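Engineer: Build me a model from this:
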Amino acid sequence: MSAGIDLENVCCDFGTFRAVDNANVSIKPGEFFSFLGPSGCGKTTILRMVSGFIEPTEGVIRIGGEDVRGKRPNQRPTALIFQNLALFPLMPIWENITFGLEVRGVDKATRRRRAEELLQLVDLHGAADKMVSQLSGGQKQRVAIARALAVEPQVMLLDEPLSALDLKLRQHMRAELRAIQQRTGVTFIYITHDQGEALAMSDRVGVMSQGRIQQIADPREIYNNPVNGFVASFVGENNIFKGEVQQVADGMASFATPQGTFRARLGDLAGRDGKLYVRPEHTLISATAAAENSVPVTISDISFEGNFISVHAVSDSGAVLSAELRNDGSATMPEKGAKAYMSFDPARAAILPDANVRS
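Structural biologist: Just a heads-up that it's a prediction; the model follows:
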């Protein structure tokens with residue numbers, strides 16, 4: 001069974017410092033929801049408030065519709081997986097998994113049977129009697145998940161559990177975590193500063209900055225339609241042009257910059273000042289200027305990244321721009337020092353305000 005979580009106008013202060021500012025989010029039962037943001041943005045504080053280790057200064061937290069303010073962590077239907085996993089090195093794996101059940105007085109035979117079931121669930125067949133030191137990093141992650149599931153939580157809370165793993169293992173564990181969540185149906189709240197993790201695993205993502213939730217949406221919406229400059233910059237790379245909005249019509253605007261006047265989608269901009277954002281993978285390179293949104297550049301560097309090739313260039317006004325070309329054999333590669341044009345589709349670029357910050 002899983003439960004939904006509702007945060008209503010939640011704030012958390014540490015002295016005069018406001019770590020979380022007016023957070024409002026409704027997480028559905030059985031959803032994989034990620035809080036994404038840089039260190040110090042307040043995402044772990046939210047997790048600790050949901051788990052009961054910190055009480056909110058203001059606002060209400062509901063789990064399964066019940067106000068949990070004042071309830072201790074062991075009184076909440078949640079399980080928390082820490083960044084360091086905190087496994088017991090002197091216990092065999094099955095006892096690690098069922099430690100919470102032992103504390104609750106469950107007999108040994110029942111605990112052993114439950115451990116075997118959970119080891120099957122996390123694909124660790126035959127590991128019950130091994131010691132923690134005999135497991136790889138990825139296997140330890142699965143044991144920590146199995147231990148959390150043993151107490152049958154309605155909400156699983158994960159605080160950057162993959163940060164200590166190497167890249168290949170992190171990518172593998174993303175798929176494992178998502179598969180386990182879908183098999184169990186438990187609500188997952190995942191904390192990360194890694195945009196790849198959040199986008200790959202989540203049903204929805206809440207992007208945070210300076211204690212405030214900037215945007216909540218599904219991964220495609222977050223990436224393709226960021227609401228402000230912080231979200232656009234934090235989730236993926238961008239070419240950024242500073243300038244001023246000129247004419248506006250049908251959701252599009254002309255935007256005057258030192259590199260020229262461009263046309264792009266107009267975001268929720270209160271005034272005329274903003275920035276234009278366009279992704280490198282949406283930026284084209286050609287020998288001649290396009291009909292619109294074209295910038296003359298000099299190619300400064302070319303980096304081979306495996307599945308794509310990153311081309312960096314400098315405009316006549318000194319702006320550093322980049323484009324990503326797929327390594328599929330069809331791209332025409334410019335040479336370093338060559339003159340070229342970088343251009344982009346108006347529908348693929350957006351004029352956005354800066355982050356939503358405290359006034």
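Engineer: so what does the helix or strand L47 falls within touch, helix or strand wise?
Structural biologist: L47 is part of helix 43-51, with elements assigned from DSSP states H and E. With contacts taken as 3 or more Cβ pairs under 8 Å, 6 or more residues apart in numbering; DSSP states H and E, helix 43-51 sits against strand 5-14, strand 17-27, strand 32-36, strand 58-63, strand 78-81, strand 155-159, strand 187-192. For the C-beta atoms, the positions are set from N, CA and C on the backbone; glycine is no exception.
Engineer: end-to-end on stretch 37-55?
Structural biologist: 21 Å (Cα to Cα, to the nearest Å).
Engineer: List the buried residues in it.
Structural biologist: Under the neighbour-count criterion of 16 or more other Cβ atoms under 10 Å, stretch 37-55 has 37, 41-52, 54 buried.
Engineer: residue ranges with poor pLDDT in this structure?
Structural biologist: Residues of the chain meeting the criterion pLDDT under 70: 357-359.
Engineer: Select the longest helix from it.
Structural biologist: Ranked by residue count and defined by DSSP state H, the top helix of the chain is helix 167-184.
Engineer: now the angle from that one to strand 187-192?
Structural biologist: 160 degrees (axes from the mean of the first three to the mean of the last three Cα atoms, to 10 degrees).
Engineer: Buried residues in helix 167-184, which are they?
Structural biologist: For helix 167-184, by 16+ other Cβ under 10 Å, it's 169-170, 173-174, 176-178, 180-181, 184.
Engineer: Equivalent analysis for stretch 346-357, please.
Structural biologist: Applying 16+ other Cβ under 10 Å to stretch 346-357 flags 346, 348-353, 355-356 as buried.
Engineer: now do stretch 144-160
Structural biologist: 144-151, 153-160.
Engineer: Each with direction, which strands does the helix or strand hosting I240 pair with?
Structural biologist: Assigned by DSSP H and E, I240 belongs to strand 239-249. Sheet pairing of strand 239-249 (DSSP bridges) gives strand 252-257 (antiparallel), strand 273-278 (antiparallel).
Engineer: How far away from the center of its chain is the last one?
Structural biologist: It stands for strand 273-278. 23 Å (Cα atoms, centre = their mean, to the nearest Å).
Engineer: contact partners of that strand?
Structural biologist: Strand 273-278 is contacted from outside by 226, 229, 232-233, 238-245, 255, 257, 262, 264, 267, 344, 348-354, using Cβ atoms under 8 Å, 6 or more residues apart in numbering.
Engineer: and what of stretch 69-87?
Structural biologist: Residues contacting stretch 69-87 (Cβ under 8 Å, 6+ apart): 3, 47, 50-53, 55-56, 60-61, 63-64, 68, 96, 132, 140-141, 143-145, 147-149, 151, 153-161, 163-164.
Engineer: before we move on, the earlier item: and the contacts of strand 273-278, which are buried?
Structural biologist: Counted by 16+ other Cβ under 10 Å, the contacts of strand 273-278 give 226, 229, 232-233, 238-241, 243, 245, 255, 257, 262, 264, 267, 344, 348-353 as buried.
Engineer: just to revisit the earlier point, closest one of the buried residues of stretch 346-357 to P296?
Structural biologist: A349 (17.6 Å; Cβ to Cβ).
Engineer: coming back round to it: and of the helices and strands packed on helix 43-51, who's closest to V106?
Structural biologist: strand 78-81 (15.8 Å).
Engineer: now that closest one, how far from the centre of its chain.
Structural biologist: 19 Å.
Engineer: Can you list the strands that that strand pairs with?
Structural biologist: strand 155-159 (parallel).
Engineer: Quick check: which element contains A331?
Structural biologist: Residue-wise, A331 maps onto no helix or strand under DSSP H and E.
Engineer: Dihedrals phi and psi, it?
Structural biologist: Per-residue torsions, A331: phi -80, psi 140 (degrees, to the nearest 10).
Engineer: can you tell me which helix or strand the closest residue in space to it that isn't next to it in sequence belongs to?
Structural biologist: In space, and not counting its chain neighbours, A331 is closest to L325: 4.0 Å by Cβ to Cβ, 6 or more residues apart in numbering. Element membership for L325 (DSSP H and E) is strand 320-326.
Engineer: Could you list the paired strands of that strand along with their orientation?
Structural biologist: strand 308-315 (antiparallel).
Engineer: Identify each buried residue in the partner strand, please.
Structural biologist: Applying 16+ other Cβ under 10 Å to strand 308-315 flags 308-313, 315 as buried.
Engineer: tell me the phi and psi of P29?
Structural biologist: Dihedral angles (degrees, to the nearest 10) for P29: phi -60, psi 130.
Engineer: residue contacts, it?
Structural biologist: 2-4, 64, 154, 187.
Engineer: what about 7 Å?
Structural biologist: By Cβ atoms under 7 Å, 6 or more residues apart in numbering, the residues touching P29 are 2-4, 187.
Engineer: between the residues you listed, which is nearest L119?
Structural biologist: Nearest member of these to L119, counting by Cβ to Cβ, is S2, at 21.6 Å.
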